[in-house]
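Trainee: curious how this folds, go ahead:
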Amino acid sequence: MWFQKKKNPEDQIEIPFERRKFERIRNILTILAKRDEDFESFKLFTDNVSEGGIRAVTQVKVEPGECLQLNILLHSIHTSLNARGKVAWINPLGRQQFETGIEFIDLDATNHRKLKEYIERYRSVVTKGGP
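Mentor: Numbering: from 1, shown residues only. Purely as a prediction, here's the structure:
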């Protein structure tokens, strides 16, 4: 999944190490997603968010490698941002629910700034109790 195993040369046990480039925040956001070839959108709900991508749950099965247009609703700052993402992985959760990892592959400077500010504001509130 998100971890890659690395051998410890001293005792030959495998130690997980993180491959993520960005720190994630645990936050629920609503995302309207659309496949490139479809006209209809569907909803995803994030479990965590970073500047590099999201982990989300949806009732629509997507496939690794599939590209999606994303409209991410940043509720607490009353705005949204648009991005293009690529499905990195998917895990069935049962009852027509799927957990999926999506990497941002196209996030312009304005939308990246919005996301970065949102994440920083969220961290500030959670770690310090306020902005």
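
Trainee: quick one: contacts for R84?
Mentor: Residues in contact with R84 (CB atoms under 8 Å, 6 or more residues apart in numbering) are 67-70, 104-107. Using the backbone N, CA and C atoms, a C-beta is placed for each residue, glycine as well.

Trainee: tell me the centre residue of this structure?
Mentor: I54 (0.1 Å; CA atoms, centre = their mean).

Trainee: looks to me like it is in a strand.
Mentor: Yes - the assignment for I54 by DSSP: H, G, I helix; E, B strand; the rest coil puts it in a strand.

Trainee: bridging residues for it?
Mentor: Going by DSSP bridges, I54 is paired in beta bridges with V49, I102.

Trainee: wait, isn't it in contact with A33?
Mentor: No - I54 lies out of contact with A33 (CB atoms under 8 Å); the separation is 10.2 Å.

Trainee: and the strands in the protein, which stretches?
Mentor: 3-7, 14-18, 25-26, 30-35, 41-49, 53-58, 67-74, 79-94, 97-106 (DSSP state E).

Trainee: can you tell me which of those is most buried?
Mentor: strand 53-58 (a mean of 22; mean count of other CB atoms under 10 Å).

Trainee: where's that strand relative to the chain centroid, distance-wise?
Mentor: Distance, stretch centre to chain centre, for strand 53-58: 5 Å (CA atoms, centre = their mean, to the nearest Å).

Trainee: please apply the same query to stretch 85-92.
Mentor: Computed by CA atoms, centre = their mean, the chain-centroid distance of stretch 85-92 equals 10 Å.

Trainee: what does stretch 26-46 give?
Mentor: Worked out by CA atoms, centre = their mean, stretch 26-46 lies 11 Å from the chain centre.
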